[in-house]
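1. Coordinates for the following, if possible.
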Amino acid sequence: MKHGFGIIGAGAIAEVHARAIDTIMEAELIGVYDHNPDKTTSFSMKYNCKAFDSAEELCKDEKIDIICVCTPSGRHLEPALAVINAGRHCVIEKPLEVTLARCDKIISAGIQNKVMVSGIFPMRFSRVNIELKKAIDEGRFGRLVMGDAYIKWYRSPDYYKDVKWRSNFNSSGGGAVMNQGIHSVDLLRWFMGKVEAVCAFAGLVGHENLEVEDVAAATLKFENGAMGVIEASTAVNPGFYRKIEILGTHGSVVIEEEKILTWKFDEERDTDHILREKYSGSNQSGGGVSDPKAISDIGHLRQLLDILKALDNNHPPAVDALEARKAVELVLAIYASARNKRIVYL
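-> Below you'll find the predicted structure:
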């Protein structure tokens, strides 16, 4: 079945969506809308699609059945509701929204209108992360002891000056954790399970005149008894690949972006050597460590394929809205702990 896509919001991340859609044989980008008419026009010309004059007009187009919401993080709710209430399936770029109340309005609307709502978390579709999740589910780690995520990136002052919403708390929902680190926050929770308690600190160290944090560190206690940390920053120069460490009583894995640094278990399998060889090379993309545009669209492509498969087979996508909400909940717990100087229990 051929699916028609629309995009609301024509910023940098919308281009990742457009490139991914263009790669899928069963998909076609029909049109785009942005509140800035010039951006709408230039985007439509670049990606050979229709420029719509309003979100409402785009949502009513009969050729479109799926719409990607690519507006700023704290401005997802209103376009998402327009999409959902028009009976269109809705794909929302991370984060789902920046408060749980706004997330819940989206989720409720999706249920009431019987449409699919999915949140974008492309790192879940990385081949090496899928292998890691499989090893966890098979019990190869024994008892999980620690789970850590490190996102130590660099964003220049111009990154915040050129796009004003990035430094505004209401529009962005936060800084290094909500907008850069949330991919790894989601991944860590997917690997390790529910977080029971958080103790965190956050601040502004490497930039000036921002309403959002450029550094944060959180200690986590997971429901299964394991512990861990999340460290996130946009002030670390020159920036480093994000890293995930999953450590257990019978084995440990350390992954840097798409590269395996450690893959070691008490019970060695023939496939372990193959995996270490396959993922031992250099990372293929810049990973966004210092350039927000230096990211691959392969993760978005894989996730959109999962969404289309879910629609065609009438089952939920891998990351539905309820699943996407979980990462927002953890980020907000980190912020609450840092703000109130206390442990937050989830």
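2. domain ranges for this structure?
-> Domains of the chain are assigned by automatic domain parsing as 3-119, 123-294+327-345.
3. mind listing the helices in this structure by residue range?
-> Along the chain, counting by DSSP state H, helices occupy 12-23, 37-46, 55-60, 77-85, 100-113, 127-137, 157-162, 169-172, 182-192, 270-278, 298-313, 321-340.
4. Most tightly packed of the ones you listed?
-> helix 182-192 (a mean of 24; mean count of other C-beta atoms under 10 Å). Heads up, the C-betas are built off the backbone N, CA and C, glycines and all.
5. so where's the stretch 151-300 of the chain uncertain?
-> 284-287 (pLDDT under 70).
6. the strands in it, which residues?
-> Remark: strands assigned in the stretch 151-300 of the chain by DSSP state E, counting those that start in this stretch are 195-203, 215-222, 227-233, 243-248, 251-256, 259-265.
7. ok, back up a step: in a markdown table: the domains of the chain, plus distance to Pro317.
-> A markdown table is the format used below for the domains of the chain (distance: least, C-beta to C-beta, whole Å):
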| stretch | distance to Pro317 |
| --- | --- |
| domain 3-119 | 5 |
| domain 123-294+327-345 | 11 |
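8. nearest to Lys309, of these?
-> Proximity to Lys309 (C-beta to C-beta) singles out domain 3-119 among these, at 9.6 Å.
9. distance between the ends of the closest one?
-> End-to-end distance for domain 3-119, by C-alpha to C-alpha, to the nearest Å: 18 Å.
10. what about that domain, distance to the chain center?
-> 16 Å (C-alpha atoms, centre = their mean, to the nearest Å).
11. of the domains of the chain, which approaches Pro316 most closely?
-> Pro316 lies closest to domain 3-119 among the domains of the chain, at 7.4 Å (C-beta to C-beta).
12. taking the mean pLDDT, what do you get for the closest one?
-> Averaging pLDDT along domain 3-119 yields 98.
13. And stretch 312-330, by the same measure?
-> Here the average pLDDT along stretch 312-330 is 98.
14. ok so, going back, okay if I get the helices of the chain as JSON lines plus distance to Glu257?
-> Formatted as JSON lines, those follow (distance: least, C-beta to C-beta, whole Å):
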{"stretch": "helix 12-23", "distance to Glu257": "17"}
{"stretch": "helix 37-46", "distance to Glu257": "28"}
{"stretch": "helix 55-60", "distance to Glu257": "35"}
{"stretch": "helix 77-85", "distance to Glu257": "30"}
{"stretch": "helix 100-113", "distance to Glu257": "28"}
{"stretch": "helix 127-137", "distance to Glu257": "9"}
{"stretch": "helix 157-162", "distance to Glu257": "20"}
{"stretch": "helix 169-172", "distance to Glu257": "24"}
{"stretch": "helix 182-192", "distance to Glu257": "10"}
{"stretch": "helix 270-278", "distance to Glu257": "14"}
{"stretch": "helix 298-313", "distance to Glu257": "11"}
{"stretch": "helix 321-340", "distance to Glu257": "19"}
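15. of these, which approaches Glu245 most closely?
-> So among these, helix 182-192 is nearest, using C-beta to C-beta, at 9.4 Å.
16. hmm, back to that, show me the one of the helices of the chain that comes nearest Val212.
-> Here helix 169-172 is closest among the helices of the chain (C-beta to C-beta), at 5.6 Å.
17. centre of the chain versus the closest one, how much separation?
-> 17 Å.
18. follow-up on the earlier one: among the strands of the stretch 151-300 of the chain, which is nearest Glu93?
-> Nearest to Glu93, of those and by C-beta to C-beta, is strand 227-233 at 18.4 Å.
19. Measure how the closest one sits relative to strand 243-248, angle-wise.
-> Angle, strand 227-233 to strand 243-248, by axes from the mean of the first three to the mean of the last three C-alpha atoms, to 10 degrees: 180 degrees.
20. Show me what strand 227-233 is packed against.
-> The contact analysis (3 or more C-beta pairs under 8 Å, 6 or more residues apart in numbering; DSSP states H and E) places strand 227-233 against strand 144-152, helix 182-192, strand 215-222.
21. Mind putting those into JSON lines with distance to Gly31?
-> Output for the helices and strands packed on strand 227-233, formatted as JSON lines (distance: least, C-beta to C-beta, whole Å):
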{"stretch": "strand 144-152", "distance to Gly31": "34"}
{"stretch": "helix 182-192", "distance to Gly31": "28"}
{"stretch": "strand 215-222", "distance to Gly31": "38"}
